[in-house]
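[1] I'll drop the sequence and a predicted model, then ask my questions.
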Amino acid sequence: MPWSPQPRYRPFMQNFCLFTTAIGACALVWQGERIVAAQLPERDEDAARRRLGRRFPDSVEAEPPAFVRQAIAEVVALLAGEQRDLSHLPIDLSATPEFNRRVYAVALAIPPGETLTYGEVAARIGEPGAARAVGVALGQNPIPIIVPCHRVLAAGGKTGGFSADGGVETKLRILTIEKARTSAEPALFGDLPLQARLR
């Protein structure tokens, strides 16, 4: 079971649910009918619960409603190697700054297996030269994987940062699962384009 039964969630409170994926213990946080945050991934449920406690001290563990169960199933499938577009899932980014929301809108439009650079994202939001600010915004992404900040790289195919447990190695692992391309050039090992960078 990806989650264990918990008390029924309270619709006006922040609630969370832990679940397991191919790359570790994850969690979603929701309020009302929207997902407001994700915790991805951690070594185990205890580590995920501790980090959630720091980020959302007032959230309550609860049995997920149907829309959260659907989101969990899709995240699990994506991290197991299935091609899934998560941009349709109901999320709430209203608590984030306007600049960040513009960055996240671009990230949400990047399909699995594709990547953009920080500079390309900056250009798409009409802020050329704001690559560093884009990187900061992505580092503050409250809903990773669903808002796929892992699909944004530094120039030249370099990874840039990643705030999940495991850092850049986790980012590379997710991109490898998605068979992501990091440039327009044909890859020698097309199905594992980032494997060499894991060394």
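    Perfect, thanks for sending it.
[2] Residue 28 should be in a strand, yeah?
    Yes. Counting by DSSP: H, G, I helix; E, B strand; the rest coil, residue 28 is located in a strand.
[3] Need the CA coordinates for the lengthiest helix in the chain. PDB is fine.
    Ranked by residue count, the top helix of the chain under DSSP state H comes out as helix 66-79. Written as PDB, here are the backbone C-alpha positions of helix 66-79 (Å, rounded to 0.1, in the frame of the first residue of the first chain):
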ATOM      1  CA  ALA A  66      -9.700  11.100  -4.500                       C
ATOM      2  CA  PHE A  67      -7.800  13.900  -6.300                       C
ATOM      3  CA  VAL A  68      -4.700  13.400  -4.100                       C
ATOM      4  CA  ARG A  69      -4.900   9.600  -4.700                       C
ATOM      5  CA  GLN A  70      -4.900  10.300  -8.400                       C
ATOM      6  CA  ALA A  71      -1.900  12.600  -8.100                       C
ATOM      7  CA  ILE A  72       0.000  10.000  -6.000                       C
ATOM      8  CA  ALA A  73      -0.700   7.300  -8.600                       C
ATOM      9  CA  GLU A  74       0.600   9.600 -11.400                       C
ATOM     10  CA  VAL A  75       3.700  10.600  -9.500                       C
ATOM     11  CA  VAL A  76       4.500   6.900  -8.700                       C
ATOM     12  CA  ALA A  77       4.000   6.000 -12.300                       C
ATOM     13  CA  LEU A  78       6.200   8.800 -13.600                       C
ATOM     14  CA  LEU A  79       9.000   7.900 -11.200                       C
END
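[4] in the chain, which spans are strands?
    Ranges of strands within the chain are 14-21, 24-31, 34-42, 60-61, 116-117, 152-153, based on DSSP state E.
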